[in-house]
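*Asks:* Quick check, what structure comes out for this input:
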Amino acid sequence: MTEPDVLIEKRDGLGLITLNRPRAINALTHAMALVILDALRAWAEDDEVRAVVLTGAGERGLCAGGDIVAIHNDAKNLVAQGDSARVAADSDTGKFWRDEYILNAYIYRYPKPYVAVMDGIVMGGGVGLSGHASHRIVTERSKIGMPEVGIGFIPDVGGTYLLAHAPGEIGTHVGLTTARMSAGDAIAAGFADYFVPSEHLPALLEALHDNEVDVAIAKFAQPAPVSEFIAQQDWIDSCYSADTVEEIAHRLRIDGRAEAAKAAEDLLSKSPVALKVTLRSLRNARRAADLEDALNQEYRVSIASLNTHDLVEGIRAQVIDKDRNPQWSPATLADVTEADVDAYFGALGDRELGLAAPKDV
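*Replies:* Take a look at the predicted model:
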């Protein structure tokens, strides 16, 4: 009998969630998100559950993101038919994102300790499941990132909020280049809290059954590794504080350091319109009242993205055909107009996400 894609168990005072698609690095589907949300809601009112623990099956990572192939199929159909944002919001992917973002916000406000073991690869939707947790654990194997601009998309699942509140312009660097964060980087950037060597994870998970969360983690947590991003923050802040993507790229190219030159190369290979929309999204998220406000913006942007050439082309090049040669449209940063960017932020009327922080927060 085939096991379910997400395992839900209640044992020894813990609510245990195991993402169970190891061959797909536990990529998240709509059905999985709904199962997790239902379990969390039930456990929030269950006196027998004192904490929640999220892990991923297999050795490769917690979660590589969302189901990209399904998103590509929806986007391709929407673009071919010239459908509206309203139709996009009612598509399977639009409904998935709505429920996923609701889940992200629920995790952020969860009334009980929520322990996310961010071992291995944690990308995109995986950050949404773990980056808003109360207790976020990384290991020497952790590789954390928001790779969306590489497929013509824009950081979502509350990622713009996390990136915007990283020290200085580190989040802008990560969002525009899809740079991967190590354990030390993730802790420094506010995506994680504790470093536990992977060899100690089994003992930590066992200790959580018999101890309060903070006590169990304290037994195994070690000093955070050095963050390369913090060590390089002088040029990162100087280059990424610019108001436009064009100026950021210019500053990176003339900086003179090899790391900055590599960042410029990485940035300029990404979707030009996605880069500009992402920069505006990050600046807006820095001013957002709360995570819910940022998620509401992300939903508008995501729905707009679902009906664009670049999302279809980006997934084709990176995931479907794997030729790694996307043909972006518009093709250059100079070709992207303010109207092009504005279109991603249009109101959705009765299809708005409409999240609001609890009044007592």
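
*Asks:* Name every strand pairing with the one helix or strand Ile137 maps to and say which way it goes.
*Replies:* Element membership of Ile137 [criterion: DSSP states H and E] is strand 135-138. Within its sheet, strand 135-138 is paired with strand 114-118 (parallel), strand 194-195 (parallel), according to DSSP bridges.

*Asks:* and the closest residue to Ile68 other than its chain neighbours, what is it in contact with?
*Replies:* Closest residue to Ile68 apart from its sequence neighbours, by CB to CB, 6 or more residues apart in numbering: Val319 at 5.1 Å. No exception for glycine: its C-beta is placed from N, CA and C like everyone else's. Val319 is in contact with 68-69, 72, 151, counting by CB atoms under 8 Å, 6 or more residues apart in numbering.

*Asks:* Narrow those to those in strands?
*Replies:* Assigned to strands by DSSP state E, none of these qualify.

*Asks:* Please pick the buried ones from the residues you listed.
*Replies:* 68, 72, 151 (16 or more other CB atoms under 10 Å).

*Asks:* if we can go back for a sec, what's next to the strand holding Ile137, contact-wise?
*Replies:* 113-119, 130, 144, 183, 186-187, 191-196, 204, 213-214, 217, 221.

*Asks:* Using PDB, write out the CA atom coordinates for stretch 27-36.
*Replies:* C-alpha atoms of stretch 27-36 as PDB (Å, rounded to 0.1, in the frame of the first residue of the first chain):
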ATOM      1  CA  ALA A  27       7.700  19.000  -3.000                       C
ATOM      2  CA  LEU A  28       4.500  20.400  -1.600                       C
ATOM      3  CA  THR A  29       1.100  19.800  -3.300                       C
ATOM      4  CA  HIS A  30      -2.200  21.400  -2.700                       C
ATOM      5  CA  ALA A  31      -3.500  18.200  -1.000                       C
ATOM      6  CA  MET A  32      -0.500  18.200   1.300                       C
ATOM      7  CA  ALA A  33      -1.000  21.800   2.300                       C
ATOM      8  CA  LEU A  34      -4.700  21.100   3.200                       C
ATOM      9  CA  VAL A  35      -3.800  18.000   5.300                       C
ATOM     10  CA  ILE A  36      -1.200  20.000   7.200                       C
END
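
*Asks:* Show me where the stretch 51-200 of the chain has its strands.
*Replies:* Taking DSSP state E, counting those that start in this stretch, the strands of the stretch 51-200 of the chain run over residues 51-56, 61-63, 114-118, 121-123, 135-138, 143-145, 194-195.

*Asks:* Which of those sits closest to Asn20?
*Replies:* strand 51-56 (8.2 Å; CB to CB).

*Asks:* Output the contacting helices and strands for the closest one.
*Replies:* Packing contacts for strand 51-56, counted by 3 or more CB pairs under 8 Å, 6 or more residues apart in numbering; DSSP states H and E, involve strand 14-19, strand 61-63, strand 114-118, helix 201-210.

*Asks:* could I get those as TSV with mean pLDDT?
*Replies:* Listed next are the helices and strands packed on strand 51-56 as TSV, based on pLDDT from 0 to 100:
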stretch	mean pLDDT
strand 14-19	98
strand 61-63	98
strand 114-118	98
helix 201-210	97
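
*Asks:* Stretch 334-342: end-to-end distance?
*Replies:* End-to-end distance of stretch 334-342: 16 Å, with CA to CA, to the nearest Å as the criterion.

*Asks:* Please tell me I have it right and Val245 contacts Ala274.
*Replies:* No. Look at Val245 against Ala274 with CB atoms under 8 Å: they stay out of range, at 10.0 Å.

*Asks:* element containing Pro225?
*Replies:* Pro225 belongs to no helix or strand, assigned by DSSP H and E.

*Asks:* Low-confidence stretches in the stretch 151-300 of the chain?
*Replies:* For the stretch 151-300 of the chain, no stretch is flagged by pLDDT under 70.

*Asks:* Can you show me the helices along it?
*Replies:* 159-164, 170-177, 183-189, 201-210, 213-220, 228-231, 233-240, 245-254, 258-268, 272-286, 291-305 (DSSP state H, counting those that start in this stretch).

*Asks:* Tell me which of these lies nearest to Ala334.
*Replies:* Nearest to Ala334, of the helices of the stretch 151-300 of the chain and by CB to CB, is helix 245-254 at 7.4 Å.

*Asks:* Report the rounded mean pLDDT for stretch 304-313.
*Replies:* The average pLDDT within stretch 304-313 is 96.

*Asks:* Other residues contacting it?
*Replies:* 71-72, 74-76, 78-79, 83-85, 88, 91, 93-94, 151-154, 271, 273-274, 277, 326-329, 343-346.
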